[in-house]
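J.: Model the structure of this input:
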Amino acid sequence: MKRFLNNLVSYLIFVITVSIVVSLGIIIYSNIKDFPLGILALFVLIYILFAGLVFYIIDYVRRNVFINKPLNDILDATYLISKGQFDINLKPRHNLSDYDELDMIMVNINKMVNALRNEEILRNDFISNFSHEVKTPIAVIDGYINLLKKRDIKDNDKEMYLDKVAISVSNLSNLVSNILKLNKLENEEEIEKENVNLVSILENVIVSFDELLVNKNINLDIDICDKADIISNQSIIQIIFSNLISNAIKFSKDNSIIVIKLLKNDNNYKFIVKDNGIGMTKDTINNIFNRFYQADTSHKSEGNGLGLSMVKKGIDRLGYKISIESEEGIGSTFVVDIK
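T.: Numbers count the residues shown, from 1 in each chain. Alright, predicted model coming up:
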């Protein structure tokens, strides 16, 4: 409504100005119409120049107030953004209900700046976390290599040191592999889809964790539908299944039970993983999909905090949904709706 009133005021000012200029011209002309033709022509020329100057001044003021100032604000903002400065907040000139095109451009620039600022924070956090995660296994490897250089080292100690080095190398390799997978999920423009057998993928993933399950004496309560063929991406489905089951094993107590289900729901499917582990707080649930986030550092040696980030990114790329129910000391349940 306010925008309409502003436009109406501008229109009325323009009409009044034109009326005054035209009326003034008529009055003057009526008084000099008997003058010689040359003088009359000169007057008309001068008057046209005067009227043009009046309209130019009015338009100049209007453009500076309503167009040039917000455009200059936008130009200044885009210049600062190009220099990597994201502490920008353009203020629209009108109320939300009265936004014009320039107001909407300002709003969109503010959204873009917020997104870039968040990306910059994430990038800096990623570099910091990645550096920390890499330094840890490298420091371990370096330490044990120095011990292995000693001549009086015992065979039993030598074997133990080599095992520690092998574990650190494996952790470092997994970290790099997960980062590459996450980068591919985040930056791959188009996800290739094909016929995917969910049952086959899930069964193969479960078998791959057999040694870990035996080591912790964890039993599985499995309920898998007979057939589940969909159009999707097999590698991403495998990442989702593998990391959710791995997460459940990691945080489950010894001699416990993990429930794994793949159920048909009309034309869709639900993948469910339920453990009886340590559970999570609300704050943990809110942050669980952030890269390198690990609420329970006692399990830090078993992962690098990228697994659930890959799960969430893969689910988003495929257009699926994930929900979490958890209670501290009781356990957690992850449910993926596969459409």
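J.: can you give me the helices for this protein?
T.: 2-32, 37-63, 69-82, 101-148, 155-187, 198-208, 210-215, 234-251, 282-287, 307-318 (DSSP state H).
J.: what comes into contact with the third one?
T.: It refers to helix 69-82. Under the criterion CB atoms under 8 Å, 6 or more residues apart in numbering, residues 88, 90, 93, 102, 105-106, 109, 112-113, 116 lie in contact with helix 69-82. To be clear about C-beta, it is placed using only N, CA and C from the backbone, and glycine gets the same treatment.
J.: so who does N243 touch?
T.: 307-308, 310-311.
J.: Pick the one among the residues you listed closest to Y60.
T.: M310 (57.8 Å; CB to CB).
J.: you'd agree the closest one is up against L182?
T.: Yes. Under the criterion of CB atoms under 8 Å, M310 makes contact with L182 at 5.3 Å.
J.: of those two, who's got more company?
T.: Neighbour tally, M310 and L182, criterion other CB atoms under 10 Å: the higher count belongs to M310, 23 against 19.
J.: quick one, what contacts that one?
T.: So M310 contacts 178, 181-182, 185, 239, 243 (CB under 8 Å, 6+ apart).
J.: possible to save those residues as JSON lines with pLDDT and distance to I46?
T.: Formatted as JSON lines, the contacts of M310 follow (pLDDT from 0 to 100; distance: CB to CB, whole Å):
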{"residue": "N178", "pLDDT": "67", "distance to I46": "80"}
{"residue": "K181", "pLDDT": "73", "distance to I46": "78"}
{"residue": "L182", "pLDDT": "71", "distance to I46": "74"}
{"residue": "L185", "pLDDT": "76", "distance to I46": "73"}
{"residue": "I239", "pLDDT": "88", "distance to I46": "80"}
{"residue": "N243", "pLDDT": "88", "distance to I46": "83"}
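J.: and of these, the nearest to N219?
T.: So of these, ranked by how close each gets to N219 (CB to CB), first place is N243, at 20.7 Å.
J.: Give me the distance between the closest residue to K227 other than its chain neighbours and A228.
T.: In space, and not counting its chain neighbours, K227 is closest to V199: 6.6 Å by CB to CB, 6 or more residues apart in numbering. Here the criterion is CB to CB, to the nearest Å. By it, V199 lies 5 Å from A228.
J.: what does N68 give?
T.: From N68 to A228 the distance is 61 Å (CB to CB).
J.: For those two, indicate the residue with more neighbours.
T.: A228 (19 against 13).
J.: Run a quick neighbour tally on the residue lying closest to that one once chain neighbours are set aside.
T.: Spatial nearest neighbour of A228, excluding adjacent residues (CB to CB, 6+ apart): L198 at 3.8 Å. Residues near L198, counting by other CB under 10 Å, number 22.
J.: re the thing from before, out of the helices of the chain, which is closest to L263?
T.: Nearest of the helices of the chain (CB to CB): helix 198-208, 10.8 Å.
J.: and the closest one with helix 234-251, angle?
T.: 40 degrees (axes from the mean of the first three to the mean of the last three CA atoms, to 10 degrees).
J.: Okay, domains of this structure per the record?
T.: 2-85, 133-187, 194-338 (automatic domain parsing).
J.: would you turn those domains into CSV with distance to S97?
T.: What follows is those, written out as CSV (distance: least, CB to CB, whole Å):
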stretch, distance to S97
domain 2-85, 8
domain 133-187, 37
domain 194-338, 33
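J.: Pick the most deeply packed of these.
T.: domain 194-338 (a mean of 16; mean count of other CB atoms under 10 Å).
J.: and that domain, how far apart are its ends?
T.: Domain 194-338 has an end-to-end distance of 15 Å (CA to CA, to the nearest Å).
J.: and what of stretch 276-291?
T.: End residues of stretch 276-291 are separated by 24 Å (CA to CA).
J.: ok, now stretch 247-264?
T.: 23 Å.
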